[in-house]
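Undergrad: need a structure here:
(chains A and B)
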Amino acid sequence: MSRVSVPCHVKGTVALQVGDVRTSQGRPGVLVIDVTFPSVAPFELQEIMFKNYYTAFLSIRVRQHTSTHTPAKWVTCLRDYCLMPDPHSEEGAQEYVSLFKHQMLCDMARVLELRLILRQPSPLWLSFTVEELQIYQQGPKSPSMTFPKWLSHPVPCDQSAPLIEGLPEPSRVSSEVQQMWALTEMIRASHTSTRIGRFDVDGCYDLNLLSYT
Amino acid sequence: MLQEESDLSLVIAQIVQKLKGSNLYAQLERQAWASLQRPEIKLESLKEDIKEFFKLSGWEKKLQNAVYSELNVFPLPSHPAAPPEHLKEPLVYMRKAQGSWEKRILKSLNSMCTELSIPLARKRPVGEQKELLNKWNEMGTDEPDLSLFRPVYAPKDFLEVLINLRNPNYENGDSLSFRTHLGLIQVPLKVKGIPELKEFFVELGLTTGQLGIDDSTQVPPELFENEHVRIGQKVLAEQDSAAAQQYIRQGSPTALRAELWALILNISSQPEDILYYEQLKTNVIQHDLLVDSLIYKDVKLTASNDDYYFVFEDYLYQVLLCFSRDTSVLGHFAYNSASPPKSYIRGKLGLEEYAVFYPPNGVIPFHGFSMYVAPLCFLYHEPSKLYQIFREMYVRFFFRLHSISSHPSGIVSLCLLFETLLQTYLPQLFYHLREIGAQPLRISFKWMVRAFSGYLATDQLLLLWDRILGYNSLEILAVLAAAVFAFRAVNLMEVTSLAAAEAVLADLSTLKVMPLLQIFLFATVT
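TA: Okay, here's the model as predicted:
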């Protein structure tokens, strides 16, 4: 199904730490990223995609639009999703991740704001975050088209067009052209990526030095 | 689940796309057309009848083998947003390190080119072409002056690069803390511990029969060997790649090994393959590459000096020279963290239509490269089959031994696995060697980079390579390296210098590989 990217504003990460950030030893293990959608009405969330950078666990909280005048509350929609099976090693550390609607704990029908809570319990890493964050909502369904009347109810021909001598029958020509077109489409579709095997250019393999770019 | 279904259809689409360009596809199509003549194929149930025909005639098995081969070689499709570099190597700092290592190699090759005033490639004059064609089967008798050539790099240069590999996001403090690794490799890749290795290599366990242990002269063959050979013959009759891969985990009987390896690697000698090899031979005769001199030098320095392999010198030239011209090898760079070196036709610098790869297969040989081919010469005597087997072994396994990547079978992971196993299970030995300045990896690196070729006796080496094929992983090299240290631990505890430690471990030709592995994995008291 199609999806449409939703423009979002990602606020700066806030580290949660006990005590003064500057003076205490050790690095924060929890970061919070707020994602707002300033120019978009409350939408249905389809997919969240991002590139991980050394985050071990991810929780997401969502604030949804409510129809009544009660203030919108924060609800946890993803709890401790594991991105790195072993927080001390590199496995999963720089992977691309997609999270879908069906993986969430609650309904994501009218999303106002998202809050990503990143955790990295291992002290080995200097920093951690998620990058290239993108939010998608469901794309528009294919619009139902109304056909013009002449296409859905063609007027039957009263008289057949006069056949010119010497030329083949138009209906046979059109069916043959259709078959040829189908063949070319088939050949185009079965494009392979195998190489031909030539390493030279027109028989010449006289080279300069190796290039560094 | 939605995600698994879409993943599966992506894998299927990728494999279909890959197989469409292959010989097998054309053959299946031809067979399908030909089968229409057969009486059992009816128009109403055409699809089902043709499928049944394929199953009975063995073509379905061939297709199954091809699909299994693709699954083994190609990594699973990653996230749709991941760029192609991510498929080559997911960690950015490793990609960068591989890039700068490649740049060093290119600089070295370029400077060799300018110093010696030899072009990277030149077309041979007709007279020289004729001469080479006549001498094709005895190129070893040639004694060209190679004294000015030097190998582009040796394994120890590569080791220095790996030692200096650092993750910029990792706490690499100067002072020793719980974060610093005590070995030479300082990157925190995930490696298996012995419990995981025991599970992974379960067929090497104490209660399972092994060739290399249970076929020795003291053991009566009725206990294991005869039955194992019988099963091997059955596997070959069925022509099933997956079954062969499972079977070979317990070792391959010498008589069946050549065919079993060909079945696992999905190599069948078709006339097209022989033609392809002849085409490569023509390319060698027409163009002379600088890389050829490097290959000559390497063979003369390594394989020709080896007691077991010097007889195969001519075969090595025939395989390696053709290997350099084979553009189909370029396909493996999709999942290799390395990239092929690029150059331009003289006078057309910067124009993309005149950009070519050099050498045509994108692989620059290093000191010891010919040792990857040498053991195969014991199994295959027909040059085109030997060539195909080597090429498939290279694009499946050997390329990982000389490129920087985070793959579990990559050389970085193997080094870390070796060091971790040694530290965890032989801590006293590790500490002692470290104290005398003999870091164990400095000794075992060369074994692993060459997959032990040239260090073990050939029958033991082939038993080891049986397991590499069977488990589709190179981790066994690291386990064997640790097992060798464990075996010679008593002598190593007595040494007081790196040179003395090297001397203790200089000769591995008397070692029996399978008992060492079994004892280290399953019988060491931890």
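
Undergrad: For B:Asn164, see how far away B:Ser100 is.
TA: Distance of B:Ser100 to B:Asn164, given as C-beta to C-beta, to the nearest Å: 10 Å. All C-beta atoms are positioned from the backbone trio N, CA, C, and that covers glycine.

Undergrad: can you check B:Thr510 too?
TA: Relative to B:Asn164, and taking C-beta to C-beta, B:Thr510 is found at 35 Å.

Undergrad: now the strands: where do they sit in the stretch 201-350 of chain B?
TA: Listed in chain order, the strands of the stretch 201-350 of chain B (DSSP state E, counting those that start in this stretch) span B:287-289, B:342-345.

Undergrad: ok, then the element right after the worst-scoring helix or strand of chain A on mean pLDDT?
TA: Ranking every helix and strand in chain A by mean pLDDT, DSSP states H and E puts helix A:149-152 at the bottom, with a mean of 65. Downstream of helix A:149-152, the next assigned helix or strand under DSSP states H and E is helix A:170-189.

Undergrad: near chain B at all, that next one?
TA: No - counting by C-beta under 8 Å from any C-beta of the partner chain, chain B has no neighbours in helix A:170-189; the shortest distance is 10.1 Å.

Undergrad: CA-only coordinates of the next helix or strand after that helix, as CSV, when you get a sec.
TA: The first helix or strand that comes after helix A:170-189 along the chain, using DSSP H and E, is strand A:207-211. The C-alpha trace of strand A:207-211 is given here as CSV (Å, rounded to 0.1, in the frame of the first residue of the first chain):
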residue,chain,number,x,y,z
LEU,A,207,45.4,2.4,-19.1
ASN,A,208,46.6,5.4,-17.2
LEU,A,209,47.3,4.9,-13.5
LEU,A,210,44.7,3.8,-11.1
SER,A,211,42.4,6.5,-9.9
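
Undergrad: contacts for strand A:207-211?
TA: Outside strand A:207-211, the residues within contact range by C-beta atoms under 8 Å, 6 or more residues apart in numbering or on different chains are B:106, B:109-110, B:113-114, B:119-121, B:341-347, B:349, B:356, B:358.

Undergrad: rerun that using 10 Å as the cut-off
TA: The set of residues external to strand A:207-211 that reach it, using C-beta atoms under 10 Å, 6 or more residues apart in numbering or on different chains, is A:200, B:102-103, B:105-107, B:109-111, B:113-114, B:119-122, B:289-290, B:341-350, B:354-358, B:364.

Undergrad: phi, psi of the closest residue to chain A within the stretch 251-400 of chain B?
TA: Closest contact between the stretch 251-400 of chain B and chain A, by C-beta to the nearest C-beta, is at B:Pro360 (3.4 Å). Main-chain torsions, B:Pro360, degrees, to the nearest 10: phi -50, psi -30.

Undergrad: so who does it touch?
TA: A:197-200, A:205, B:121, B:280, B:283, B:287, B:289, B:291, B:323-330, B:340 are the contacts of B:Pro360 under C-beta under 10 Å, 6+ apart.

Undergrad: returning to what we had before: for the strands of the stretch 201-350 of chain B, which one sits closest to B:Leu477?
TA: strand B:287-289 (30.5 Å; C-beta to C-beta).

Undergrad: tell me the pLDDT at the residue of the stretch 151-300 of chain B found nearest chain A?
TA: For the stretch 151-300 of chain B and chain A, the shortest gap (C-beta to the nearest C-beta) falls at B:Lys190, measuring 4.0 Å. With respect to pLDDT, B:Lys190 scores 93.

Undergrad: same thing with B:Trp465?
TA: pLDDT for B:Trp465: 97.

Undergrad: quick one, strands of chain B?
TA: For chain B, the strands defined by DSSP state E occupy B:121-123, B:287-289, B:342-345, B:355-357.

Undergrad: Out of these, which one sits most buried?
TA: Comparing the strands of chain B by mean neighbour count (mean count of other C-beta atoms under 10 Å in any protein chain shown), strand B:287-289 comes out on top with a mean of 22.

Undergrad: Would that strand count as contacting chain A?
TA: Yes - judged by C-beta under 10 Å from any C-beta of the partner chain, strand B:287-289 and chain A are in contact via B:287-289.

Undergrad: thinking again about what came up before, want to try JSON lines for the strands of chain B, with distance to B:Ile389 and mean pLDDT as columns?
TA: Converted to JSON lines, the strands of chain B look like this (distance: least, C-beta to C-beta, whole Å; pLDDT from 0 to 100):
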{"stretch": "strand B:121-123", "distance to B:Ile389": "27", "mean pLDDT": "88"}
{"stretch": "strand B:287-289", "distance to B:Ile389": "23", "mean pLDDT": "91"}
{"stretch": "strand B:342-345", "distance to B:Ile389": "29", "mean pLDDT": "86"}
{"stretch": "strand B:355-357", "distance to B:Ile389": "23", "mean pLDDT": "87"}
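
Undergrad: and the ones you listed as CSV, adding distance to B:Lys55?
TA: Converted to CSV, those look like this (distance: least, C-beta to C-beta, whole Å):
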stretch, distance to B:Lys55
strand B:121-123, 49
strand B:287-289, 46
strand B:342-345, 46
strand B:355-357, 42
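
Undergrad: For A:Thr76, which of these is the nearest?
TA: For the strands of chain B, proximity to A:Thr76 was assessed by C-beta to C-beta; strand B:342-345 is nearest, at 50.9 Å.

Undergrad: touching chain A at all, the closest one?
TA: Yes - for strand B:342-345, a contact with chain A is found by C-beta under 10 Å from any C-beta, at B:342-345.

Undergrad: Pull that strand out as PDB, backbone CA atoms only.
TA: The C-alpha atoms that make up strand B:342-345 are tabulated as PDB, following Å, rounded to 0.1, in the frame of the first residue of the first chain:
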ATOM      1  CA  LYS B 342      39.000   1.900 -11.200                       C
ATOM      2  CA  SER B 343      41.000   3.400 -14.100                       C
ATOM      3  CA  TYR B 344      40.600   5.200 -17.400                       C
ATOM      4  CA  ILE B 345      41.700   4.500 -20.900                       C
END
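
Undergrad: partner strands of that strand, parallel or antiparallel?
TA: Paired strands of strand B:342-345, with direction, are strand A:207-211 (antiparallel), strand B:355-357 (antiparallel) (DSSP bridges).

Undergrad: from what I can see, A:Val130 looks like it's in a strand, true?
TA: Yes - per DSSP: H, G, I helix; E, B strand; the rest coil, A:Val130 lies within a strand segment.

Undergrad: what's across from it in the sheet?
TA: A:Asn52.

Undergrad: what sits against it?
TA: Residues counted as contacts of A:Val130 (C-beta under 10 Å, 6+ apart) are A:10, A:13, A:31, A:33, A:48, A:50-55, A:58, A:83, A:97, A:116, A:118.

Undergrad: Which members of these occur in strands, if any?
TA: Using DSSP E, the subset of those located in strands is A:10, A:31, A:33, A:48, A:50-53, A:58, A:97, A:116, A:118.

Undergrad: Output the below-cut-off pLDDT ranges for chain A.
TA: Along chain A, segments meeting pLDDT under 70 span A:1-2, A:19-25, A:141-166, A:187-197, A:213.

Undergrad: redo that, cut-off 80
TA: A:1-3, A:17-27, A:67-71, A:139-172, A:175-176, A:179-180, A:182-209, A:212-213 (pLDDT under 80).

Undergrad: Quote the end-to-end distance of stretch B:68-87.
TA: Counting by C-alpha to C-alpha, to the nearest Å, you get 20 Å between the two ends of stretch B:68-87.

Undergrad: Would stretch B:23-39 count as contacting chain A?
TA: Yes - using C-beta under 10 Å from any C-beta, stretch B:23-39 reaches chain A at B:23, B:25.

Undergrad: That stretch: which residues count as buried?
TA: B:24-25, B:28, B:32, B:35 (16 or more other C-beta atoms under 10 Å in any protein chain shown).

Undergrad: Same question for stretch B:46-53.
TA: Those would be B:49-50, B:53, for stretch B:46-53 by 16+ other C-beta under 10 Å.

Undergrad: Many thanks, we can stop here.
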